[in-house]
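Visitor: let me see the structure of the following:
(one chain, ligands or ions: 1)
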Amino acid sequence: MPPSSSALIIAIDGPAGSGKSTTARRVAERLGYLYLDTGAMYRAVALGFLEAGYEDPEAAPAAFLETLDVGAVPAEGGMRTLLNGRDVSEAIREPAVSALASRAAVLPAVRQRLVEAQRQIARRQLEQGRGVVLDGRDIGTVVFPEADVKVFLVADLDVRARRRRQEGLARGQDRSLAEVRAELQDRDARDQSRAVAPLRKADDAVLLDTSGLSIDEQVEAVLRLAAERNLSTPVK
Ligand code: DC
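Guide: Next up is the predicted model:
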């Protein structure tokens, strides 16, 4: 980017497997921005519940949440996720954590805490003149409704299930396509129907169907939107 370009907030939302994380991470790399994977933060809270034996997050006492300290640390190739100081970046990718993250994300207290943390992390970057790319479900609608660029990624369920299965295989998780597909469907339904901050496209977000796109094409599409925004915005 030219040195005069402003530091933008780029919000990338969408359902699981739509390509958000990979796209967001690469866009951040290309622009020299911070990448914040907000789903990883919900996953870390879910892991905290799971490790404490609360398989039903709603059954945990309200004070338990206060004992969970979730950290997001920029690292080579993305971000590392910490739970009470421990690096849990791999543990949070287990299928049991995926399902529980979506259930924990229904709880208003969990959302309130994480949304506040996400805003703080992003604002600290902006104060230093650096932009931020955030990916999640509610970035364009709740966390940063004033984001400079908003993208809502979608893809066919079968395409998303195949992608997720491949990602799992790379981590040694051999699950059937049918199982992965059912889990995605279940999670989408819960994420879309919850009362607080449901998964929803912001009215002013650009819809991008990634079913037939390569990662490079997705990245270029978001970079184009960022460049257009930079041309139309006075330097901050
Ligand atoms: O993006 P992901 O699959 O890692 O997210 C895990 C879960 O966390 C997802 O099913 C819903 C929840 N989540 C959320 O409610 N809001 C966000 N901004 C990000 C994730």
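Visitor: from now on I want contacts and neighbour counts done on CA atoms only, so please keep to that.
Guide: Noted.
Visitor: now residue 162: which helix or strand?
Guide: Element membership of residue 162 [criterion: DSSP states H and E] is helix 157-170.
Visitor: that helix packs against which elements?
Guide: helix 177-193 (3 or more CA pairs under 8 Å, 6 or more residues apart in numbering; DSSP states H and E).
Visitor: roughly how far out does the helix it packs on sit from the chain middle?
Guide: Relative to the mean C-alpha coordinate of its chain, helix 177-193 is positioned 16 Å out (CA atoms, centre = their mean, to the nearest Å).
Visitor: what residues sit buried inside it?
Guide: Buried positions in helix 177-193, judged by neighbour count with 16 or more other CA atoms under 10 Å: 177, 180-181, 183-185, 187-188, 190-191.
Visitor: quick one, the helix holding residue 162 and helix 177-193 angle?
Guide: 120 degrees (axes from the mean of the first three to the mean of the last three CA atoms, to 10 degrees).
Visitor: what's the burial count for residue 153?
Guide: 24 (other CA atoms under 10 Å).
Visitor: equivalent analysis for residue 46, please.
Guide: Counted with other CA under 10 Å, residue 46 comes out at 29.
Visitor: what secondary structure does the closest residue to it other than its chain neighbours sit in?
Guide: Using CA to CA, 6 or more residues apart in numbering and skipping the chain neighbours, the partner closest in space to residue 46 is residue 101 (4.9 Å). Per DSSP: H, G, I helix; E, B strand; the rest coil, the secondary structure class of residue 101 is helix.
Visitor: against the ligand, how distant is the residue lying closest to residue 145 once chain neighbours are set aside?
Guide: Nearest residue to residue 145, sequence neighbours excluded (CA to CA, 6+ apart): residue 139, at 7.0 Å. Computed as CA to the nearest ligand atom, to the nearest Å, the residue 139 to the ligand distance reads 6 Å.
Visitor: for residue 139, give me its contacts.
Guide: 11-13, 145 (CA atoms under 8 Å, 6 or more residues apart in numbering).
Visitor: and for residue 184?
Guide: Going by CA under 8 Å, 6+ apart, the list of residues near residue 184 reads 16, 157, 161.
Visitor: the residue nearest to residue 46: neighbouring residues, count only.
Guide: Other residues close to residue 101 by other CA under 10 Å number 25.
Visitor: for it, give me the pLDDT.
Guide: With respect to pLDDT, residue 101 has a value of 96.
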